[in-house]
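Enquirer: structural data only, the sequence is not supplied:
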C-alpha cells in the first residue's frame with residue numbers, strides 16, 4: 001500500500017475484506033449447511049459481493065492504481081458466478097415447431113393477506129397466464145382453497161387433494177399419466193410431480209418450494225433484526241433445505257424419464273442446495289438462454305435469483321424470459337425447450 005494516502009489505504013482494507021469474502025464464497029457450494037451453517041449464509045450475499053468488487057475495480061482503474069488487480073483477479077476466478085448472476089449475451093428465442101414452454105411462478109397465495117396494495121391480484125395473475133399460455137405451468141404458494149380454472153389444461157393439485165399439501169400445483173396442456181407428492185416433514189413445504197406425454201416422449205416435471213428463511217424484504221423492518229438472529233434463522237433454514245433436497249433427490253433418482261425441475265429454491269445459484277439439485281444431469285435454463293440479471297425475487301438491496309427451471313441435458317434450451325410483472329414477491333419465469 002506504499003504511495004497511497006490514508007483514505008485510500010482505508011478503502012483498500014475494505015476492498016481486501018470484500019474480495020476475501022467473495023473468494024471464500026466460491027467454496028460454499030461444496031460445504032453442507034449442516035457442517036457449517038453460519039458460513040453457508042454467505043451464499044445469499046454473493047451478488048452484493050460481486051457488485052462491490054466490480055465497483056472497487058472501477059475505482060482503482062479510474063485512479064490508475066495497481067490495487068485494481070485484487071478485485072480483478074478474484075472476479076476472474078469466479079467468472080462462472082458472474083455468468084450465473086448476469087448474462088451478457090442477448091436472450092435467444094429460437095423458433096422451432098418442436099418447441100414447448102415451461103413457466104414457473106410463485107404466486108404468493110394470490111395476495112391473500114394484502115401484501116400488495118391491489119384488490120384484484122388473482123384476476124391479474126390469471127389474465128397474465130392466459131395471455132402467455134405456457135404448455136406447462138408450475139405454481140408455488142398456490143391456494144387450492146381458492147383455485148383457478150384454465151381451459152385446455154390438465155392439472156394436478158389445483159384443487160384440494162387428499163393427503164397432499166396445497167402449496168404447489170402443475171397445469172399441463174399435455175396428458176398427465178401419473179402424478180404424486182413428496183411431503184417434507186415438519187413444514188408446510190413439499191414437492192409434487194407429474195409425468196406427461198408429449199408426442200412419443202414421457203417427461204417428468206417437478207415443482208417444489210423449499211423451506212423459507214422468512215427474512216423481511218422491507219428495509220425498516222430488516223433494520224430491526226440483529227445480525228446474530230438473522231444468521232441463526234437463515235442457517236437453520238439451510239439445514240432444513242438440505243434435508244428436503246436429500247429427500248427430493250432420492251425420489252428423483254428413481255425415475256427413468258427425462259426430467260424438468262422447477263420451483264422456488266429459497267436459495268441462490270451459489271449455494272450447496274442449488275449445486276446438489278442441478279448435479280451433473282441438469283442445466284440452468286437462465287444460464288443457457290437468459291439475459292440481464294434474471295432476478296426472480298423482489299429484494300430491495302440487490303438482484304436475487306432464487307427461482308429456477310432446470311432441464312435435463314437431453315433438452316435443448318431455445319429461449320428464456322423473466323417477466324417484469326409485480327403481482328407477487330416473485331417474478332414469473334419461462335423457458336422454451338425441445339427434446340430431440
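Expert: Good, I have the coordinates. Quantities reported herein were computed from a predicted structural model and do not represent experimental measurements. Numbering: from 1, shown residues only.

Enquirer: what's the burial count for residue 128?
Expert: Using other Cβ atoms under 10 Å, residue 128 has 15 neighbouring residues. To be clear about C-beta, it is placed using only N, CA and C from the backbone, and glycine gets the same treatment.

Enquirer: measure it to residue 16 for me?
Expert: The gap separating residue 128 from residue 16 is 46 Å, by Cβ to Cβ, to the nearest Å.

Enquirer: tell me the contacts of residue 309?
Expert: For residue 309, the contact set (Cβ atoms under 8 Å, 6 or more residues apart in numbering) comprises 102, 104, 260, 261, 262, 284, 285, 286, 320, 333, 334, 335.

Enquirer: identify those among those residues that sit within strands.
Expert: Under the assignment DSSP state E, those contribute 102, 104, 260, 261, 262, 284, 320, 333, 334, 335 to strands.

Enquirer: quick one, strands of the protein?
Expert: Under DSSP E, the chain gives strands at 100-106, 136-140, 154-156, 169-172, 176-183, 190-198, 201-209, 258-264, 282-284, 307-312, 316-322, 333-338.

Enquirer: most packed of the ones you listed?
Expert: Comparing these by mean neighbour count (mean count of other Cβ atoms under 10 Å), strand 136-140 ranks first with a mean of 27.

Enquirer: and the strands of the chain as JSON lines, adding distance to residue 122 and mean pLDDT?
Expert: As requested, the strands of the chain are exported to JSON lines (distance: least, Cβ to Cβ, whole Å; pLDDT from 0 to 100):
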{"stretch": "strand 100-106", "distance to residue 122": "13", "mean pLDDT": "98"}
{"stretch": "strand 136-140", "distance to residue 122": "12", "mean pLDDT": "98"}
{"stretch": "strand 154-156", "distance to residue 122": "16", "mean pLDDT": "98"}
{"stretch": "strand 169-172", "distance to residue 122": "14", "mean pLDDT": "98"}
{"stretch": "strand 176-183", "distance to residue 122": "24", "mean pLDDT": "97"}
{"stretch": "strand 190-198", "distance to residue 122": "21", "mean pLDDT": "97"}
{"stretch": "strand 201-209", "distance to residue 122": "18", "mean pLDDT": "97"}
{"stretch": "strand 258-264", "distance to residue 122": "18", "mean pLDDT": "98"}
{"stretch": "strand 282-284", "distance to residue 122": "30", "mean pLDDT": "97"}
{"stretch": "strand 307-312", "distance to residue 122": "19", "mean pLDDT": "98"}
{"stretch": "strand 316-322", "distance to residue 122": "21", "mean pLDDT": "95"}
{"stretch": "strand 333-338", "distance to residue 122": "20", "mean pLDDT": "97"}
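
Enquirer: same list (those) but as a markdown table, adding distance to residue 36.
Expert: As requested, the strands of the chain are exported to a markdown table (distance: least, Cβ to Cβ, whole Å):
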| stretch | distance to residue 36 |
| --- | --- |
| strand 100-106 | 28 |
| strand 136-140 | 28 |
| strand 154-156 | 38 |
| strand 169-172 | 35 |
| strand 176-183 | 27 |
| strand 190-198 | 26 |
| strand 201-209 | 24 |
| strand 258-264 | 24 |
| strand 282-284 | 25 |
| strand 307-312 | 24 |
| strand 316-322 | 32 |
| strand 333-338 | 30 |
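
Enquirer: what's the closest of these to residue 85?
Expert: Ranking the strands of the chain by proximity to residue 85 (Cβ to Cβ) places strand 282-284 first, at 11.7 Å.

Enquirer: what lies in contact with that closest one?
Expert: Against strand 282-284 from outside (Cβ under 8 Å, 6+ apart): 84, 259, 261, 269, 278, 308-313, 315, 317.

Enquirer: picking up where we left off before, nearest to residue 93 among the strands of the chain would be which one?
Expert: Closest approach to residue 93 among the strands of the chain is made by strand 316-322 (4.3 Å; Cβ to Cβ).

Enquirer: closest to residue 40 out of the contacts of residue 309?
Expert: Top of the list for closeness to residue 40, among the contacts of residue 309 and by Cβ to Cβ, is residue 284 at 19.8 Å.

Enquirer: how about the helices in the stretch 101-250 of the chain?
Expert: 108-111, 121-132, 219-223, 227-252 (DSSP state H, counting those that start in this stretch).

Enquirer: is residue 282 bridged to anything, and to what?
Expert: Note on residue 282: beta-bridge partners by DSSP bridges are residue 312.

Enquirer: against residue 81, how distant is it?
Expert: 18 Å.

Enquirer: what's around the residue nearest to residue 112 when sequence neighbours are not counted, how many residues?
Expert: Using Cβ to Cβ, 6 or more residues apart in numbering and skipping residues adjacent in sequence, the residue nearest residue 112 is residue 143, 6.7 Å away. As a burial measure, residue 143 scores 18 neighbours (other Cβ under 10 Å).

Enquirer: which residues touch residue 143?
Expert: Shown in contact with residue 143 (Cβ under 8 Å, 6+ apart): 109, 110, 112, 166.

Enquirer: check contacts around the residue lying closest to residue 201 once chain neighbours are set aside.
Expert: Among residues not flanking residue 201 along the chain, residue 339 sits closest, at 5.6 Å (Cβ to Cβ, 6+ apart). Shown in contact with residue 339 (Cβ under 8 Å, 6+ apart): 98, 198, 201, 203, 258, 314, 315, 316.
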